[in-house]
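**Student:** sharing a sequence plus its predicted fold:
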Amino acid sequence: SDVEDLHLVVLGQRNKELALMAVDRHLMQQWLDWLDAAGLTTKQLVPDVLALPWQDGEWSAVQIDDQWLFRSGEFAGMQVESGWLAPLLGGFDPLPQIASYSAIPDQALGSWRAEPAELAMRLLAIGVRQVRANLLSGPYRIQPAWQRLWRPWRKVAIAAAILLGLGLVNRLVYLQEVRA
């Protein structure tokens, strides 16, 4: 899609390199509408792959239905269908070392290490607590409740403050005239 239609978020920075994530604005709004329709308050929106555990020098993986989620770096990850697993991994030289939180697939390329099996959603729910990245930035930033309540009354409050100030000035001028 066009750059104007993308919501760009800086996930992190290392030296002079930035890790960016781009999400289509319409898709982002659709996700937020779904959460709102379900009555859920959103405080943080995180790419699922970043909620996987990560250690420098190795990938982590978990299988959800026919999809594999991989976290390949501090700010990097990917999702692939099981049928595309071999072509994806075969494109890396050297082959990655992978810590798998699901059953290791048959004839998997790379060096896989079995971690204690974990329900995928539990693993992601635990991992999301350590993620500092948040897609809710810029126009999607969460405003505190007091700001949402204050906004409609802001102009009224300014007018009241001006009126109060003018009344005070009027009273001071009157008192000066009475003393003179």
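**Tutor:** That came in fine, so what should we check first? This is a predicted model, so every value here is computed, not measured.

**Student:** hey, what's Trp68 bridged with?
**Tutor:** Taking DSSP bridges as the rule, Trp68 bridges to Gln63, Val80.

**Student:** ditto for Asp24
**Tutor:** Beta-bridge partners recorded for Asp24 (DSSP bridges): Leu6.

**Student:** what distance do you get for it to Gly138?
**Tutor:** 14 Å (CB to CB, to the nearest Å). Glycine gets a C-beta too; all of them are placed from N, C-alpha and C.

**Student:** so for the two, which sits in the more crowded spot?
**Tutor:** Asp24 (13 against 9; other CB atoms under 10 Å).

**Student:** roughly how far apart are the more buried one and Pro105?
**Tutor:** From Asp24 to Pro105 the distance is 31 Å (CB to CB).

**Student:** got it, and Leu50?
**Tutor:** As judged by CB to CB, Leu50 and Pro105 stand 22 Å apart.

**Student:** of the two, which one has the most company?
**Tutor:** Taking neighbours as other CB under 10 Å, Leu50 and Pro105 compare with Leu50 leading, 25 against 16.

**Student:** I'd assumed that one was in a helix, is it?
**Tutor:** Yes: counting by DSSP: H, G, I helix; E, B strand; the rest coil, Leu50 is part of a helix.

**Student:** pretty sure it contacts Gln130?
**Tutor:** No: the pair Leu50 / Gln130 is not scored as a contact, 9.2 Å apart, by CB atoms under 8 Å.

**Student:** can you count the residues close to the residue nearest to Leu35 when sequence neighbours are not counted?
**Tutor:** Once flanking residues are discounted, Leu35 sits nearest to Thr42: 5.1 Å by CB to CB, 6 or more residues apart in numbering. Counted with other CB under 10 Å, residues neighbouring Thr42 total 14.

**Student:** what residues does Thr42 make contact with?
**Tutor:** Contact partners of Thr42, counting by CB atoms under 8 Å, 6 or more residues apart in numbering, are Leu32, Leu35, Asp36, Leu136, Ile142.

**Student:** so the third one, which state does it fall into?
**Tutor:** It stands for Asp36. Recorded secondary structure, Asp36: helix (three-state DSSP).

**Student:** what's the neighbour count on it?
**Tutor:** 11.

**Student:** also the first one?
**Tutor:** The burial count assigned to Leu32 is 16, neighbours taken as other CB under 10 Å.

**Student:** got a list of what it touches?
**Tutor:** Thr42, Leu45, Tyr140.

**Student:** if we can go back for a sec, what about the residue nearest to Leu35, which SS state?
**Tutor:** Going by three-state DSSP: Thr42 is coil.

**Student:** measure it to Ile64 for me?
**Tutor:** With distances taken as CB to CB, Thr42 is found 21 Å from Ile64.

**Student:** picking up where we left off before, ok, the contacts of Thr42 vs Glu17, which is closest?
**Tutor:** Of all those, Glu17 sits closest to Leu136, with 23.4 Å by CB to CB.
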